[in-house]
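Visitor: Everything below, folded, please.
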Amino acid sequence: MGKRFDIIGLENGIVDFAMQIDEIPASGTATRLKDFLWQPGGNVNNALAAAARQGSSCSFYGAVGSDGPGEFFRSDLAMHGIDTSHLYTREGSTTVTVCLAEEKTRERSFIMYMGSDPEKTPDLQPSDLDEDFISSARYLHIGHNSGKIMRDAVASARRNGVIVSVDGASLTDYLGWTLDNCDIMIMSKVFYEGLFGSDPDCVSNMRKLVSERGLDTCVVTLGDEGCAGADRNGSSFRIPAFSGHEIVDTTGAGDVFHGGFLFAHSMGWDLERCAVYASAVSYIKCTSLGGRVGIPDRRTVEQFLRDGTIDSSGAEKRMEHYRNVMHFE
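Guide: Sure, this is the predicted structure:
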């Protein structure tokens with residue numbers, strides 16, 4: 001029987017206010033704001049947007065607050081063709097994150113507002129578990145902000161033959177459980193160093209996790225050092241990062257790598273081809289401000305992989321949209 005969705009993403013809703021600046025000003029000084037925009041954010045949500053833009057059918061499983069940012073979050077999912085049947089609106093404030101993209105350092109910093117009472121941030125509860133819905137997907141993608149329902153949702157996925165993908169953005173208290181209950185682990189450099197320190201042999205360590213933890217696929221993204229990975233079929237790779245274009249903002253780079261990788265994986269491509277494709281999606285995204293303005297479609301990715309050029313016309317239209325989309329009363 002066919003699946004309704006390629007990917008279901010589990011996460012609490014987040015909205016980003018992204019600002020491009022020269023550098024964070026010292027106390028008592030000022031800096032020029034070069035550009036800004038509002039966008040829905042979150043590790044899983046950005047991954048879904050990237051996968052949907054490649055052609056995957058996606059659904060968001062989570063909650064937002066009963067406020068303007070929550071309404072914006074919902075409408076943006078619909079704009080991307082992402083199903084919202086299991087996006088719940090709960091009393092409270094949607095989390096808003098200020099994302100500072102520094103041109104001088106090419107780094108980013110974050111300031112989070114989680115409402116007047118952070119304990120009441122909208123979150124799915126175990127009672128919200130819908131096993132039939134979860135079983136309707138090929139992949140369940142989760143991150144560190146997937147909430148109280150996460151363990152039950154993963155158990156449901158595993159009972160129903162759904163591939164569990166994890167965004168290993170940061171180390172958490174449930175690290176061991178995560179490694180033992182996922183099929184695809186794509187981790188950040190921070191996550192990697194928490195496990196292996198500064199050991200440069202990333203490929204061997206990815207092989208180690210695959211063999212010792214029973215993972216199907218394990219990948220580490222290393223920013224401008226590229227990425228490395230291994231899978232249970234015995235394949236492994238280490239590839240460099242792309243270069244040649246101006247990097248504007250790395251916010252969401254890892255997130256959209258996940259989305260590109262899951263799309264490629266769903267196509268049945270081999271491990272290295274999946275990683276090259278995901279790297280291209282992530283690299284192109286970084287040439288625009290914010291976590292999703294620059295996410296390319298499949299045609300743009302394939303053009304870039306052929307000749308190294310980036311068609312930015314779509315990103316320019318989205319930039320104008322996200323500059324002006326949010327209105328508070």
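
Visitor: List the contacts of the residue nearest to the spatial centre of the chain.
Guide: In the chain, the centroid-proximal residue (Cα atoms, centre = their mean) is residue 255; its distance is 2.3 Å. Residues in contact with residue 255, defined by Cβ atoms under 8 Å, 6 or more residues apart in numbering, are 42-47, 50, 167, 291. (C-beta placed from N, C-alpha, C; glycine too.)

Visitor: Angles on the backbone of it, please.
Guide: Dihedral pair for residue 255: phi -60, psi -50, per degrees, to the nearest 10.

Visitor: Now do the SS call for the residue nearest to it when sequence neighbours are not counted.
Guide: Nearest-residue entry for residue 255: residue 46, 3.5 Å, with adjacent residues in sequence omitted and distances by Cβ to Cβ, 6 or more residues apart in numbering. Following DSSP: H, G, I helix; E, B strand; the rest coil, the label given to residue 46 is helix.

Visitor: low pLDDT regions in the stretch 51-200 of the chain?
Guide: The model of the stretch 51-200 of the chain has pLDDT under 70 over residues 116-118.

Visitor: Please enumerate the helices of the stretch 51-200 of the chain.
Guide: 68-79, 131-134, 150-159, 175-180, 189-196 (DSSP state H, counting those that start in this stretch).

Visitor: Packing partners of the fourth one?
Guide: With contacts defined as 3 or more Cβ pairs under 8 Å, 6 or more residues apart in numbering; DSSP states H and E, the secondary structure elements packing on helix 175-180 are helix 202-213.

Visitor: how about the helix it packs on: buried residues?
Guide: Using 16 or more other Cβ atoms under 10 Å as the test for burial, helix 202-213 gives 202, 205-207, 209-210.

Visitor: can you count the residues close to the closest residue to residue 172 other than its chain neighbours?
Guide: Leaving aside its sequence neighbours, residue 172 sits nearest to residue 144 (Cβ to Cβ, 6+ apart; 5.4 Å). Residues lying near residue 144 (other Cβ atoms under 10 Å) number 18.

Visitor: re earlier: quick one: which of the buried residues of helix 202-213 is nearest residue 61?
Guide: Distance to residue 61, by Cβ to Cβ, is smallest for residue 209 among the buried residues of helix 202-213, at 26.4 Å.

Visitor: Who are the contact partners of the nearest residue to the closest one once chain neighbours are set aside?
Guide: Spatially, and ignoring its direct neighbours in sequence, residue 209 is nearest to residue 218 (4.6 Å; Cβ to Cβ, 6+ apart). Going by Cβ under 8 Å, 6+ apart, residue 218 touches 184-187, 206, 209-210, 229-231.

Visitor: now do residue 36
Guide: Residue 36 touches 17-20, 289, 323, counting by Cβ under 8 Å, 6+ apart.

Visitor: could you give the angle of the helix or strand hosting it to helix 68-79?
Guide: Assessed by DSSP states H and E, residue 36 sits inside strand 33-41. The directions of strand 33-41 and helix 68-79 differ by 70 degrees, with axes from the mean of the first three to the mean of the last three Cα atoms, to 10 degrees as the criterion.

Visitor: before we move on, back to that, part of a strand, is the residue nearest to residue 209?
Guide: Yes - counting by three-state DSSP, residue 218 is located in a strand.

Visitor: what is it paired to in the beta sheet?
Guide: residue 185, residue 230 (DSSP bridges).

Visitor: How much space separates it from residue 235?
Guide: Distance of residue 218 to residue 235, computed by Cβ to Cβ, to the nearest Å: 11 Å.

Visitor: ditto for residue 48
Guide: 26 Å.

Visitor: now for the contacts of residue 218, which pair is the farthest apart?
Guide: Maximum pairwise distance among the contacts of residue 218 (Cβ to Cβ): 14.4 Å, between 187 and 231.

Visitor: The two: who's more crowded?
Guide: Using other Cβ under 10 Å as the criterion, residue 187 and residue 231 rank with residue 187 on top: 26 against 22.

Visitor: So which of the contacts of residue 36 wins on neighbours?
Guide: That'd be residue 18 among the contacts of residue 36, by other Cβ under 10 Å, with 26 neighbours.

Visitor: how far does stretch 279-286 sit from the chain's center?
Guide: 12 Å (Cα atoms, centre = their mean, to the nearest Å).

Visitor: again with stretch 6-26
Guide: 10 Å.

Visitor: got it, and stretch 177-194?
Guide: So, by Cα atoms, centre = their mean, the centroid of stretch 177-194 is 14 Å from its chain's centroid.
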